[in-house]
Structures are given as C-alpha cells and as structure tokens.
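Trainee: Kindly return the folded structure for what I paste below:
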Amino acid sequence: MAQLTIVQAVNQGLRRALESDSKVLLMGEDIGKLGGVFRATEGLQKDFGEDRVIDSPLAESGIVGTAIGLALYGYRPVIEIQFDGFVYPAFDQIVVQLARMRYRSAGALYLPITIRMPFGGGIGSVEHHGESPEAYFASTPGLRVVACADSTDAYWMIQQAVASDDPVIFLEPKRRYYQKGEVDISADLSTALPLHRAKVLVEGSECTIISYGPTVATALQAARLAAADGVKLEVIDLRSLSPLDMPTLIESVRKTGRAVVVHEASSSGGVGGEIGQCLMQSCFYNLKAPVLRVTGYDTPYPPSRIEDDYLPDADRILDAVEKSMSY
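Mentor: Numbers count the residues shown, from 1 in each chain. Alright, predicted model coming up:
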C-alpha cells in the first residue's frame, strides 16, 4: 500500500496509463515542464517525452478540437482543463462534436478522450477558478461524467476513464487534492470497482446522504457528528454523475426511507434534482419524507472571502437531516 494524496494518485494513474498504452498522450496548459498548476502531471514529460506530454497553447477550444482529431486517428488523448471555469471556451467542441460523434456516425467512429477538470471551490481563488459546471455535461447525451473523492478512486478511475471508448469528463475535487489515502498500486485494474458504480461508505438506517467529489468528506463529517448523537446516517459516494447508479441509491433509500443530496453546484438544474426525481419515481411508497438537497446557492460562485458561506458544510447537512426526520 502507498500513502498518496489525491493529486499524487492522479499522477500515478496517468503514469500507469501511459506505460500501458503507447497511444495514450496528455495535452494541456503548462502540464509538461511545469507539471500542471496542481502538479498532477509532474515528472511525466521528463519520463515520456514532449510528444506524449504536450504543453498546449492557452486555447481550450483548440485543445479539445486537436484531441478530437487525434482520437479519430487512433490515439487516446487525456486533456487537462486547468480550472473548471476555463472550460466554457471549449463548450461547443465538447457538446456539439465530442459528445455526438458516435451517434453521428451510427457507431462507426468513437472518441476515447478523457477531459480532466479540477472542480469546486474552497481554495480561496479568484473568479473562474472555483466553479461546478458538472450539470452541463451530465445532461449531455454521449458524455460520461465521473468524480473521484479519494486517492484510491483517483488512481483507478483515471485509468478506467482513459480505457473507455466513450468520452469521459473526469472531475477532480481541487480542495481535496492534498487529502491522503492508502492506494494499492500493485493491484490489477480488473480488481477496481466499476467506473460507474456508486459506493456505500458508511452504512446506516435513518437517512441516506448522497454526495460526490469534494462534498463526500463533508458528508462523512456530518455522519460522524450524527453518530455521536445516536443517529445512523448512510453515506453514499455517487462517483458517477452520468450514468447514475440508481440501483445502489434505490436500495439504500428503500432501507432508510429518507434521502439528502449534497453538492457544491447550484440547486436549480443540478444533479441533486435529477436524483430526487428518480428516487421519487422508484421509492415513492418507501419515502418517509421528501428528498432534500443541500447545495450551493443559485448565484454565480462568490468571491473567496465569502465562499465558506456558500459551500455546503456539516451543519447544513445535519439541518436537512433533522428536517427530513421531522416529517
């Protein structure tokens, strides 16, 4: 077992993908000589060369467009969007070209491209450096959208994303980048949990907390506080936003009768609303209370000095649990 931070686990996962397939290459702004602003690709250009770890121009649309061309020629590009708020110039390429190619060609063409994107807030950054754009992509047919929350998942899920023949938006929780965890780097990829499977982290009986990415640690904190008061919360790490692993969520909510969905993105149009509707449709007669959401607010992401008031915390989760249990 190795003790790795999440960003180190991403780095080691990318290294293993590069070693396993000569068609894998990395592209992005400052990912080569610098190793990326978060050092997720540190040392990879030195070891694999400038033809496989490529410092691109500052042009997100060009990066994605170039990756599409490379994928059509048989490569497996892994591209980095330096910060979540920088993805919008590439939105047309992702939604209109990348997501549709397999459908457009009736399955004859596929684009095995992974788009790595640090997402979420909590690092005290300026505008465009702390956002949660995942719902745009989760609602786009043709894209797979996943989010890691710990070092083990970061290590395995990035390799699974690279191996996928469909395009994958790979979300990395930037404020958790330096959170450490044990990773068995000697194991085989076939032993890893499937890419689109949700994971029950804590078993409970009174309410299900569903979260992903940076809010998983917050949900676990809330479960620990609740346990001290004798309340047993079940915590699920969603891991995959598209497709959703609804069977795992349904099984849990049928057991507990209650659900609270937690994410940093705004409430309206967010992933939590989709999950709530699916649970209502499948668990209507098991629900003891409405499915509740604890999210960011319906505003643009705020200045860093007030972001702590915007981000969901354990207190807000426990308030929602209390409200759910009051029905």
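Trainee: What distance do you get for the residue nearest the centre of the chain to R224?
Mentor: Against the mean C-alpha coordinate of the chain, by C-alpha atoms, centre = their mean, the closest residue is A147 at 1.6 Å. Counting by C-beta to C-beta, to the nearest Å, the gap between A147 and R224 amounts to 22 Å. From N, CA and C alone the C-beta is placed, and that goes for glycine too.
Trainee: for the record, mean pLDDT for the host helix or strand of L201?
Mentor: Secondary structure here is read from DSSP states H and E; on that basis L201 sits in strand 199-202. When pLDDT is averaged over strand 199-202, the result is 98.
Trainee: Quick one: neighbours of K323, just the number.
Mentor: The tally of other residues near K323 (other C-beta atoms under 10 Å) stands at 14.
Trainee: cool, S105 as well?
Mentor: The local packing of S105 (other C-beta under 10 Å) involves 11 other residues.
Trainee: check contacts around it.
Mentor: Taking C-beta atoms under 8 Å, 6 or more residues apart in numbering as the contact definition, S105 lies against nothing.
Trainee: Need the residues that contact the helix or strand that contains L249.
Mentor: Using DSSP H and E, L249 falls within helix 246-256. Applying C-beta under 8 Å, 6+ apart, the contact partners of helix 246-256 are 197-200, 204-208, 210, 234, 236, 238, 259, 275, 278-279, 282-283, 286-287, 291.
Trainee: Of all the residues in the lowest-mean-pLDDT helix or strand in the chain, which ones are buried?
Mentor: Sorted by mean pLDDT, DSSP states H and E, the helices and strands of the chain end with helix 307-310, the least confident at a mean of 92. Using 16 or more other C-beta atoms under 10 Å as the burial criterion, the residues of helix 307-310 that qualify are E307, Y310.
Trainee: any idea which helix or strand comes after the strand or helix carrying F170?
Mentor: According to DSSP H and E, F170 maps onto strand 168-173. Proceeding N to C from strand 168-173, the next assigned helix or strand is strand 180-183, under DSSP H and E.
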